[in-house]
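Participant: here is my input; please provide its structure:
(one chain, ligands or ions: 1)
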Amino acid sequence: MIELQHLEKRYDDPLTGQPFYAVKDLSIVFPSGEITALLGPSGCGKTTTLRMINRLIEPTAGKILLEGQDAMSLKPEVLRRRIGYVIQQIGLFPHLSVAQNVATVPDLLGQPKAQTAAKVRELLALVGLEPGQFADKRPSELSGGQQQRVGVARALAADPPVMLMDEPFGALDPLARDKLQEAFREIQHNLKKTIVMVTHDIDEALKLGDKVALLNTGSLAQFGTPDDLVRRPNSDFVRQFLGDDALLRQLAGVRAGTLARAGDGTGLPQVSAQLDARSALSVMLRERAEAVAVTGEDGQISGVLSFHDLEQTAPRAQLSERA
Ligand SMILES: Nc1ncnc2c1ncn2[C@@H]1O[C@H](COP(=O)(O)OP(=O)(O)OP(=O)(O)O)[C@@H](O)[C@H]1O
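Facilitator: Predicted coordinates:
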């Protein structure tokens, strides 16, 4: 668990001497084993908050507790070894191979070579890069999406209990982003790291965040599950930021298979259980069907997803008008 208590970052304007608060009186608890998305408009203090957690930026007031321990009592380098950090410009070492890049921290910590080599192969496979094919390549030989995967593998190699991620998928085209988000969700499902992820992408926050912390001008506007924010926004700011199609957007992050119910889908249009529910809705509207049959990996019908089921998630007017 990471706890921010009344955290503040003040900058004083060198000309006027006027204080400016990039982050002000921010108190949040990031639960262990969960992804919390730090969301908000440009300049609201997301990156400043993230970088205060690993002390790349020093707070001007407030406290940061890691599992109850005051981050200020730890040397920054000790702290950073416990905290993985993934940024958009991944900063891979160009003269090192992919495997050497991933092994950076274990090597630095003097871990046995053979053990590290095995771990590197395992991690590359985990992020979807076949070790035999990629381990010896240089970063310049990889696509942006592949480099991003190496960045995630490198952060995981140190096996930190905590990971900070700043727009980790931001530089990718939509298809590559979607794939890496999926891979990452799978990885996190097994590893259960405590992750704080900065994003300005509402869909990404709703899709990947177990919790969402929405910031506004350096302060916390709302903290809760994606569902809390979408269904129970606590202010006009939250409602407007998420947009009036927020419920519909949420469908994009849910798989059809998870909303389907048991039923006889014979004769209905079919969609894969892996398809997102928003796309399943598009199929219903296009085919003028009140429901679709959901199929499993074996191609057999495993359930039925109806328009009515989706209405439990979003109002009918939104579903019909905007899908
Ligand atoms: N070194 C600095 N000196 C003065 N002001 C700063 C400094 N660093 C950041 N700021 C200001 O603090 C505010 C918060 O910046 P921050 O980078 O945390 O925002 P952000 O929410 O991550 O934005 P974005 O989504 O655009 O990256 C901004 O108004 C920024 O201009």
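
Participant: near the ligand, which residues of the stretch 101-250 of the chain show up?
Facilitator: H200 (CB under 6 Å from any ligand atom). The way it works is simple: take the backbone N, C-alpha and C, and place the C-beta from them, glycine included.

Participant: where along the stretch 101-250 of the chain do the helices fall?
Facilitator: For the stretch 101-250 of the chain, the helices defined by DSSP state H, counting those that start in this stretch cover 104-108, 113-126, 131-134, 144-157, 174-191, 202-208, 226-231, 236-242, 246-251.

Participant: skip the chain neighbours and tell me the closest residue to the residue of the stretch 51-200 of the chain found nearest the ligand.
Facilitator: At 4.8 Å from the ligand, H200 is the closest residue in the stretch 51-200 of the chain, using CB to the nearest ligand atom. The shortest distance from H200 to any non-neighbouring residue, by CB to CB, 6 or more residues apart in numbering, is to S42 (6.4 Å).

Participant: so how far is Q88 from the one you found?
Facilitator: 14 Å (CB to CB, to the nearest Å).

Participant: the more surrounded of the two?
Facilitator: Q88 (16 against 6; other CB atoms under 10 Å).

Participant: how about that one, what does it touch?
Facilitator: 166-168, 170-171 (CB atoms under 8 Å, 6 or more residues apart in numbering).

Participant: reformat those as a markdown table; add pLDDT.
Facilitator: Converted to a markdown table, the contacts of Q88 look like this (pLDDT from 0 to 100):
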| residue | pLDDT |
| --- | --- |
| D166 | 91 |
| E167 | 89 |
| P168 | 84 |
| G170 | 78 |
| A171 | 69 |
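
Participant: just the buried members of those?
Facilitator: 166-168, 170-171 (16 or more other CB atoms under 10 Å).

Participant: which residue sits closest to the residue nearest to the spatial centre of the chain, ignoring its sequence neighbours?
Facilitator: The centre of the chain sits closest to L208, judged by CA atoms, centre = their mean, with a distance of 4.6 Å. Among residues not flanking L208 along the chain, I35 sits closest, at 5.5 Å (CB to CB, 6+ apart).

Participant: for that neighbour, grab the count of nearby residues.
Facilitator: 24.

Participant: quick check: phi and psi at it.
Facilitator: Torsion angles at I35 (phi, psi; degrees, to the nearest 10) stand at phi -100, psi 120.

Participant: same check, this time on R255
Facilitator: phi -80, psi 140.

Participant: against F169, how distant is it?
Facilitator: 19 Å.

Participant: also Q312?
Facilitator: 29 Å.

Participant: give me phi/psi at the residue of the stretch 51-200 of the chain closest to the ligand?
Facilitator: Per degrees, to the nearest 10, the backbone of H200 is at phi -110, psi 10.

Participant: and it, how many residues sit next to it?
Facilitator: By other CB under 10 Å, neighbour count at H200 equals 15.

Participant: pretty sure it is touching A37, no?
Facilitator: No. In this structure H200 lies outside contact range of A37 using CB atoms under 8 Å: 10.1 Å.
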